[in-house]
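Enquirer: Provided below for reference: sequence and predicted model.
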Amino acid sequence: MTLNLNDKFLRDFISAEELQNMQPMVNTAHQMLMDRSGPGSDFLGWVDLPVQYDRAEFDAIRAAAEKIQKNCDVFIVIGIGGSYLGARAVIEFLRSPLYNQLPKKTPEIYFSGNSISASSLKELLTLCEGKDVCINVISKSGTTTEPAVAFRIFRDMLEQKYGADGARERIFVTTDRAKGTLKSFADQAGYQTFVVPDDVGGRFSVLSAVGLLPIAVAGIDLSALMQGAADARTDFADPALDTNACYRYAALRNILYRKGKTTEILVGYEPYELMFCEWWKQLYGESEGKDQRGIYPASVIFSTDLHSLGQYIQDGLRNLFETVIAVKTPDVLLEIPHDPANIDGLNFLSGKAMSYVNDTAMLGTLFAHNDGGVPNILLELADRSEHSLGYLIYFFERACAISGYLLGVNPFNQPGVEAYKKNMFALLGKAGYEEQRAELEARMK
C-alpha cells in the first residue's frame, strides 16, 4: 500500500458514528467534483491530468531537460506561488534540500521571482558569474510583478553574456497556450514554450509543464511520478469513507474544524519535507481561506521544531490538530556508533539506526500531543520514491477539493490574492490605477 491513513491518534476525538455521518456530504462533494457541477468547475483539469496529459509535450519537456542538462551549470526557475513551490518541493523531497551542494551530473537549480528582494536577485546573479546559465520563466500572463522583474533582470544578463541569439537557446517559457503578454513576447523572440493548462490553477499545476520541466532537469523520473498520481486517481474513485483514505482525510479535518480545531499543522520528520509542507500550505490556504472561514495551514519539521514550537503545541491554545507524514521505509541506513567513554550517556543507542530513533521520537510525540489534547492524523507513506510522492501529491490535491466543498467554499479561486496586487500597482503609479492611488495616499496621511 502506497499510503495508509492511521486513525489511532484520533479515537479520543472523533467517533466512528461522526465519521459515517459525513458520508452523505462526501458523496455530494464527490459528485460535484466528478460531474463538474460545483463552483470552480472550469479549473478541474488536474483531476484527470495524471492520465490525460499531452504526451507530445511530455516528450518535449524531457528533450528540453536533456538540452538544459548539457548546456548549463546553473538553471534558474522564475515563478511565484504554484509556479515554483511544487517543483521545488519535489526536487528537495526526492533529491535533497542540499541538492545544489551535493555531487551530481545535473545543473544546480535555483528559484527566483518569488519575492521582490534586491539582495536575493543580486546573490543569484553572483552565483551565475563564470557559469553557463539557462532560465525557465513560468507565468500565465507574464505581468505578475515578482517573476516579471526577475525575468527582465536574468534575460538582460543572458543577452549581455551570450547575445540575443545565444540567449534565445537558453530561455524556456511556460505560459498560456495562446494568449497573454508573455506568450506573445516569447513567440516573437523565438523562445521554446510550454503550456500552463487553462483548466489547472497554479497551486494544482505541479504535474503539468509548470512543475515537470524543472523536475526533469533534476534527473527525476517523470513517468514514475505521474504513475503514482494515476494510481491514486484510481484508488480514490469510490467515495466510500471506509476504503477511500483521501476522502476520509477530508472528512476528518472538517469534523475537527467544526469542533473548533481551526489550525492544522502538517508535520514532517525529515528536512527534505520542508518545501513539500510549503507547497501544501499554499494548496490548502489559497483553496479554503475564503468567506471568513477555513482551516489555517501551518507546518513544522520535527524533531527540530519540538525545541521551538513543541511547548505551544503541547500546552497552548487547543484550537489545533496535526497531520503527520511518516515515510515508512528509510532510504538511508546510518548506525549510531559506540563511545567507550559514554560521555553523552547515549550508549543505550549504540548500534541502532538513526531512522529507528527518528521513528521512536515520532511515536513518543504522537502519544504526548494526544495526551495534551491534540488530535493527530497519521499518513504512512510507503517510501521516498517518485511513485509514492506522485501518489501523495494527488492525495492532497483531491482531498483539498473535497474538503473545500465540504466547507462550502469554491476551492479553485483566489479573490483575496488580487487585493495586494491592485494596491501595489496603484501605489507604484501603474496607468489605470490613479483613483485608487489617490484613495490610498489619503489613507496614509
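Expert: Yep, that arrived.

Enquirer: send me stretch 169-181 as CSV with only the CA atoms.
Expert: Taking C-alpha atoms only, stretch 169-181 is exported to CSV below (Å, rounded to 0.1, in the frame of the first residue of the first chain):
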residue,chain,number,x,y,z
GLU,A,169,18.6,29.0,-26.8
ARG,A,170,18.8,29.3,-23.1
ILE,A,171,15.4,30.8,-22.3
PHE,A,172,12.4,28.5,-21.8
VAL,A,173,9.0,29.9,-21.2
THR,A,174,6.0,28.2,-19.5
THR,A,175,2.9,30.3,-20.1
ASP,A,176,-0.6,30.4,-21.6
ARG,A,177,-1.2,28.3,-24.7
ALA,A,178,-2.3,31.1,-26.9
LYS,A,179,-2.7,34.5,-25.2
GLY,A,180,-1.1,36.9,-22.8
THR,A,181,1.8,39.2,-22.8
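
Enquirer: for it, buried residues please.
Expert: 170, 171, 172, 173, 174, 175, 176, 180 (16 or more other CB atoms under 10 Å). Bear in mind the C-beta positions are built from the backbone N, C-alpha and C, glycine included.

Enquirer: ok, now stretch 358-370?
Expert: 358, 359, 362, 365, 366, 369, 370.

Enquirer: same for the longest strand along the chain, what does it pack against?
Expert: The single longest strand within the chain, with elements called by DSSP state E, is strand 320-327. In terms of contacts (3 or more CB pairs under 8 Å, 6 or more residues apart in numbering; DSSP states H and E), strand 320-327 is packed against helix 245-258, strand 263-268, helix 354-371, strand 376-381.

Enquirer: skipping adjacent residues, who's closest to residue 399 in space?
Expert: Spatial nearest neighbour of residue 399, excluding adjacent residues (CB to CB, 6 or more residues apart in numbering): residue 250 at 4.5 Å.

Enquirer: what's the spacing between the one you found and residue 256?
Expert: Distance, residue 250 to residue 256, by CB to CB, to the nearest Å: 11 Å.

Enquirer: higher neighbour count, these two?
Expert: The residue with more neighbours, out of residue 250 and residue 256, is residue 250; 28 against 21, by other CB atoms under 10 Å.

Enquirer: which residues touch the more buried one?
Expert: 26, 29, 399, 400, 402, 403, 406 (CB atoms under 8 Å, 6 or more residues apart in numbering).

Enquirer: check the offset of the helix or strand of the chain with the lowest mean pLDDT from the chain's centre.
Expert: One helix or strand of the chain scores below all others by mean pLDDT, DSSP states H and E: helix 417-428, with a mean of 74. When distances are taken as CA atoms, centre = their mean, to the nearest Å, helix 417-428 is centred 25 Å away from the chain's centroid.

Enquirer: packing partners of that helix?
Expert: helix 145-168, helix 434-444.

Enquirer: lowest mean pLDDT across those, which one is that?
Expert: Of all those, mean pLDDT reaches its minimum on helix 434-444 (a mean of 81).

Enquirer: can you give me the buried ones in that one?
Expert: Applying 16+ other CB under 10 Å to helix 434-444 flags residue 437 as buried.

Enquirer: now the angle from it to helix 417-428?
Expert: Here the directions of helix 434-444 and helix 417-428 differ by 90 degrees (axes from the mean of the first three to the mean of the last three CA atoms, to 10 degrees).

Enquirer: residues contacting helix 434-444, please?
Expert: 422, 423, 426, 427, 429.

Enquirer: highest neighbour count among the residues you listed?
Expert: Going by other CB under 10 Å, residue 426 tops those with 19 neighbours.

Enquirer: ok, which stretches of the stretch 151-300 of the chain are helices?
Expert: Secondary structure of the stretch 151-300 of the chain (DSSP state H, counting those that start in this stretch): helices at 181-189, 209-217, 222-235, 245-258, 274-288.

Enquirer: please disregard the earlier target; I meant the stretch 1-150 of the chain.
Expert: So, for the stretch 1-150 of the chain - with DSSP H, counting those that start in this stretch - the helices run 16-21, 23-34, 55-71, 85-94, 118-128, 145-168.

Enquirer: which of those sits most buried?
Expert: Mean neighbours per residue, mean count of other CB atoms under 10 Å, is largest over those for helix 85-94, with a mean of 26.

Enquirer: on that earlier part again, make CSV out of the helices and strands packed on helix 417-428 and add distance to residue 103.
Expert: Compiled in CSV, the helices and strands packed on helix 417-428 are given as follows (distance: least, CB to CB, whole Å):
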stretch, distance to residue 103
helix 145-168, 26
helix 434-444, 51
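
Enquirer: the ones you listed: which one's closest to residue 242?
Expert: Nearest to residue 242, of all the helices and strands packed on helix 417-428, is helix 145-168, at 44.3 Å by CB to CB.

Enquirer: kindly format the C-alpha coordinates of that closest one as PDB.
Expert: Coordinates of each C-alpha in helix 145-168 appear next as PDB, following Å, rounded to 0.1, in the frame of the first residue of the first chain:
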ATOM      1  CA  THR A 145       5.400  41.700 -10.700                       C
ATOM      2  CA  GLU A 146       7.700  39.400  -8.900                       C
ATOM      3  CA  PRO A 147       8.500  37.000 -11.800                       C
ATOM      4  CA  ALA A 148       8.300  39.700 -14.400                       C
ATOM      5  CA  VAL A 149      11.000  41.800 -12.700                       C
ATOM      6  CA  ALA A 150      13.300  38.700 -12.200                       C
ATOM      7  CA  PHE A 151      12.800  37.700 -15.900                       C
ATOM      8  CA  ARG A 152      13.800  41.200 -17.000                       C
ATOM      9  CA  ILE A 153      17.000  41.000 -15.000                       C
ATOM     10  CA  PHE A 154      18.000  37.500 -16.000                       C
ATOM     11  CA  ARG A 155      17.100  38.000 -19.600                       C
ATOM     12  CA  ASP A 156      19.300  41.100 -19.700                       C
ATOM     13  CA  MET A 157      22.100  39.100 -18.100                       C
ATOM     14  CA  LEU A 158      21.800  36.300 -20.700                       C
ATOM     15  CA  GLU A 159      21.700  38.700 -23.600                       C
ATOM     16  CA  GLN A 160      24.800  40.500 -22.400                       C
ATOM     17  CA  LYS A 161      26.600  37.300 -21.900                       C
ATOM     18  CA  TYR A 162      25.500  35.300 -25.000                       C
ATOM     19  CA  GLY A 163      23.900  37.900 -27.300                       C
ATOM     20  CA  ALA A 164      20.300  37.800 -28.400                       C
ATOM     21  CA  ASP A 165      20.700  34.600 -30.500                       C
ATOM     22  CA  GLY A 166      22.600  32.700 -27.800                       C
ATOM     23  CA  ALA A 167      20.200  33.800 -25.100                       C
ATOM     24  CA  ARG A 168      17.300  32.500 -27.200                       C
END
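
Enquirer: give me the helices and strands touching that helix, please.
Expert: Going by 3+ CB pairs under 8 Å, 6+ apart, helix 145-168 lies up against strand 74-78, strand 108-112, helix 118-128, strand 133-138, helix 417-428.
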